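Visitor: Pasting a predicted model and its sequence here:
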Amino acid sequence: MLYRDRADAGRELAKKLAEYRDRDDVIVLALPRGGVPVAYEVASALRAPLDVFVVRKLGTPGQPELAMGAIAPGGVRVLNHDVVEALGVPEYMIEEVARAEAEELQRRERLYRGARPPLEVLGKTVIVVDDGLATGSTMRAAAAALRQKGAKKTVVAVPVAAAASCESLRGEVDELVCGATPEPFWAVGQWYRNFGQTSDEEVRALLETSERQHRAAS
């Protein structure tokens, strides 16, 4: 099973979310940057508004690609205690990384959204989309933040995921839609023919296009 690219994955994922089409209580949130092209297709198919939900991974000192947790808007922090304990990461290092990532989170929100206010989450059914689920730490932080913000229902939707990550996340959200859970699973990118990096410019353009389309259809 291979997706051509993120747009192809989004169109396939949208088919599994058809029950949410044309509902005025539904919004789609994308985890940038890679989740945005996927979520754009989902939001277009469901005729729902689209926004970004910026979540930042907390990279382990010396091994920044290894996530020891993640942060999300509203001061939400989720730690992978197994990683923290296994590597003996001290609290002050966690705080240093979290502080730097909090600044980057705010910068990216301004960059992607500009002057537009974030979509209201309170009382909404929120479909959170990414291009895949590996460890699940960033999505776990997003789900916790959305609960804190008063989402009525949180639906996590990804085209492809590690089976173990899906199972560990299932109890933390209201609904989990994993397009495929192939094994063995090494990385999200192995399930895409084209997995080039999504640029900041593409994120902004897709958000602006989605807003125009939704406004015209309303």
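Guide: Structure received.

Visitor: quick one: contacts for residue 33?
Guide: Going by C-beta atoms under 8 Å, 6 or more residues apart in numbering, residue 33 touches 197-200, 202-203. Bear in mind the C-beta positions are built from the backbone N, C-alpha and C, glycine included.

Visitor: If we go by neighbour counts, what in stretch 141-156 is buried?
Guide: By neighbour count on 16 or more other C-beta atoms under 10 Å, the buried set for stretch 141-156 is 141-147, 149, 151, 153-156.

Visitor: can you redo the residues you listed as JSON lines with pLDDT?
Guide: Below are the buried residues of stretch 141-156 laid out as JSON lines (pLDDT from 0 to 100):
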{"residue": "141", "pLDDT": "87"}
{"residue": "142", "pLDDT": "92"}
{"residue": "143", "pLDDT": "92"}
{"residue": "144", "pLDDT": "89"}
{"residue": "145", "pLDDT": "89"}
{"residue": "146", "pLDDT": "93"}
{"residue": "147", "pLDDT": "90"}
{"residue": "149", "pLDDT": "88"}
{"residue": "151", "pLDDT": "95"}
{"residue": "153", "pLDDT": "97"}
{"residue": "154", "pLDDT": "97"}
{"residue": "155", "pLDDT": "98"}
{"residue": "156", "pLDDT": "97"}
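
Visitor: Not counting residues beside it along the chain, what's closest to residue 22?
Guide: Leaving out its chain neighbours, the residue that sits closest to residue 22 by C-beta to C-beta, 6 or more residues apart in numbering is residue 47, at 5.5 Å.

Visitor: Next one: that neighbour from residue 201, what distance?
Guide: As judged by C-beta to C-beta, to the nearest Å, residue 47 and residue 201 stand 25 Å apart.

Visitor: Of these two, which one has the most company?
Guide: residue 47 (16 against 8; other C-beta atoms under 10 Å).

Visitor: Contact partners for that one?
Guide: Contacts here follow C-beta under 8 Å, 6+ apart; on that basis residue 47 touches 21-22, 214, 217.

Visitor: Check the offset of the helix ranked longest in the chain from the chain's centre.
Guide: Ordering each helix of the chain by length in residues (DSSP state H) puts helix 91-113 first. How far helix 91-113 lies from its chain's middle: 16 Å, per C-alpha atoms, centre = their mean, to the nearest Å.
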